[in-house]
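> quick check, what structure comes out for this input:
(one chain, ligands or ions: 1)
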Amino acid sequence: EKRIGILTSGGDCAGLNAVIRAAVHRAAHHGWEIVGIEDGTQGLLQRPVRYVTLDRNMVDGNMMRQGGTILGTTNKGDPFAYPMADGSRKDRSAEIIGGLRELGVDALIGIGGDGSMAILRKLAAIGGIKLIGIPKTIDNDLGVTETSVGFDTAVAVATEALDRLQPTAASHDRVMVLEVMGRDAGHIALSAGIAGGADVILLPEIAWSVQGIAAKIRRIQQAGRNFALVVVSEAVKTMEGAAAQQQFTDGQKRYGGIGNYVGHLIAEATGAETRVTVLGHVQRGCPPSYRDRLLASAFGVKAVDLIAEGKSDRLLAWSNRQVIDVPIEEAIKTYAAVDVDSTLVQTARGLGIYLGD
Ligand code: F6P
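I've put the predicted structure just below:
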């Protein structure tokens, strides 16, 4: 009989529990036991190792619907250079591998982003344990997969936020700025901005100007509409050289973040009454969308099946309507920002949304 370990690592997102549930169901089909490691690699550092045996009864019912991760997660840092209380760094990888041995797992399913995958594959290789990775991130910045667990839900939340901002914007003749997550990539902003009917979408990948935004808002006003919706990615830059970037960064500090600063710049340039909403972690902690449930279920089942086939060091990806598996090492090199020539960028421009000059 096989024993499979499963853990979640890095920031949480919607759909993690749905992956765990699917893997448990599939493992039961093969007659295998599956143990959930608590708090990512943290659980493996402690003695006794912190884990929970997962069975079908435990994961039935409400679990697929719940946001977060029942196992807990961590992004405390690299176990090969673990941050210690005194500020020093220590290689604690042997303790983690010892933890995996103590658990007696033959294979590990790691649900995480590229950073977690890079660490897990090193640990698995040293420990001689099979590893299958499942990509999750609301940022959707892994090029190998068309979508990652959590992205669709985050976009749905941001879209709903725009649905809710539009009536209040219209009632008060205001410019509403919505700051969304996405780390260094503008995928959430672009998708939610189009779906939520934004007038302006600012992405880290496309150069923009306050004058450009102001001109767009003027055109809207001249056409007889007195409100506007602006979506700003959290990592927006100026791209106008080092001095301008410094000023921009200082401005963000002064005004309490990128959304607030952009809101200030727009108010200054247009005279429009402006309000700012910073969506934050609301984009992560909610029931997964149906698409994330499907993706998570497909990934969870496939991960167990690949273990059954004896495969290891593979990351699952969604490609052309199906789940594929690719070498983890190559997959994590495929960082993907927004492609400025992509259909979605062209669509946004085609709709008259201001993205840049
Ligand atoms: O990578 C996911 C993400 O939600 C980013 O979009 C965001 O920048 C970051 O994590 C927030 O991190 P934390 O949860 O540590 O505040």
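> centre-most residue in the chain?
Nearest to the geometric centre of the chain sits Ile138, at 2.0 Å (C-alpha atoms, centre = their mean).
> quick check: chain neighbours aside, which residue is closest to that residue?
Using C-beta to C-beta, 6 or more residues apart in numbering and skipping residues adjacent in sequence, the residue nearest Ile138 is Ala154, 3.8 Å away. Placement of C-beta: from N, CA and C, glycine included.
> tell me which residues of the host helix or strand of that neighbour come out buried.
With secondary structure defined by DSSP states H and E, Ala154 is part of helix 151-172. Buried residues in helix 151-172, counted by 16 or more other C-beta atoms under 10 Å: 151-162, 165-166, 169.
> quick check: next helix or strand after it?
Assigned by DSSP H and E, the successor of helix 151-172 is strand 175-180.
> residues in contact with the residue in the chain positioned nearest to the ligand?
Across the chain, the shortest distance to the ligand (C-beta to the nearest ligand atom) belongs to Met181, at 3.3 Å. Each residue near Met181 by C-beta atoms under 8 Å, 6 or more residues apart in numbering is listed here: Ile138, Asp139, Ala154, Ile188, Glu234, Leu279, Gly280, Gln283, Arg284.
> and for Arg65?
Pro287, Pro288.
> then Ala296?
Counting by C-beta under 8 Å, 6+ apart, Ala296 makes contact with Gly15, Leu16, Ala18, Val19, Ala22, Met64, Val149, Pro288.
> swap in 7 Å and give it another go.
Gly15, Ala18, Val19, Ala22, Val149, Pro288 (C-beta atoms under 7 Å, 6 or more residues apart in numbering).
> any idea whether it is helix, strand or coil?
helix (DSSP: H, G, I helix; E, B strand; the rest coil).
> how far does stretch 13-28 sit from the chain's center?
Distance of stretch 13-28 from its chain centroid, counting by C-alpha atoms, centre = their mean, to the nearest Å, is 18 Å.
> state the mean pLDDT of that stretch.
Averaging pLDDT along stretch 13-28 gives 98.
> with stretch 44-60 instead?
Rounded mean pLDDT across stretch 44-60 is 94.
> same check, this time on stretch 254-272
98.
> what comes up buried for that stretch?
Buried-residue list, stretch 254-272, by 16+ other C-beta under 10 Å: 255, 257-267, 269-270, 272.
> out of these, who's nearest Thr334?
Ile258 (26.4 Å; C-beta to C-beta).
> hang on, the earlier thing: please render the contacts of Met181 as TSV that adds secondary structure to the earlier fields.
Below are those laid out as TSV (three-state DSSP):
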residue	secondary structure
Ile138	coil
Asp139	coil
Ala154	helix
Ile188	helix
Glu234	coil
Leu279	coil
Gly280	helix
Gln283	helix
Arg284	coil
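> just the buried ones from the residues you listed?
The buried subset of the contacts of Met181 - by 16+ other C-beta under 10 Å - is Ile138, Asp139, Ala154, Ile188, Glu234, Leu279, Gln283, Arg284.
> how about the helices in the stretch 251-357 of the chain?
Counting by DSSP state H, counting those that start in this stretch, the segments of the stretch 251-357 of the chain that form helices are 258-270, 290-308, 328-331, 343-350.
> thinking again about what came up before, of the buried ones among the contacts of Met181, list those near the ligand.
Ile138, Asp139, Glu234, Arg284 (C-beta under 6 Å from any ligand atom).
> among these, which two are most distant?
Maximum distance among those (C-beta to C-beta): 13.0 Å, for Glu234 and Arg284.
> ok, then the element right after the helix or strand of the chain with the lowest mean pLDDT?
Lowest mean confidence among the helices and strands of the chain (mean pLDDT, DSSP states H and E): helix 56-59, at a mean of 90. Per DSSP H and E, the first helix or strand lying C-terminal to helix 56-59 is strand 82-83.
> what is that next one packed up against?
On a contact count with 3 or more C-beta pairs under 7 Å, 6 or more residues apart in numbering; DSSP states H and E, strand 82-83 meets strand 89-90.
> direction included, what does the strand it packs on pair up with?
strand 82-83 (antiparallel) (DSSP bridges).
> who's in contact with the strand it pairs with?
Counting by C-beta under 7 Å, 6+ apart, Gly77, Arg89, Lys90, Arg92 sit against strand 82-83.
> lowest pLDDT pick from those?
Within the contacts of strand 82-83, pLDDT is lowest for Gly77, at 81.
> just to revisit the earlier point, and the least confident helix or strand of the chain, how far out from the chain's middle?
That offset, for helix 56-59, works out to 27 Å (C-alpha atoms, centre = their mean).
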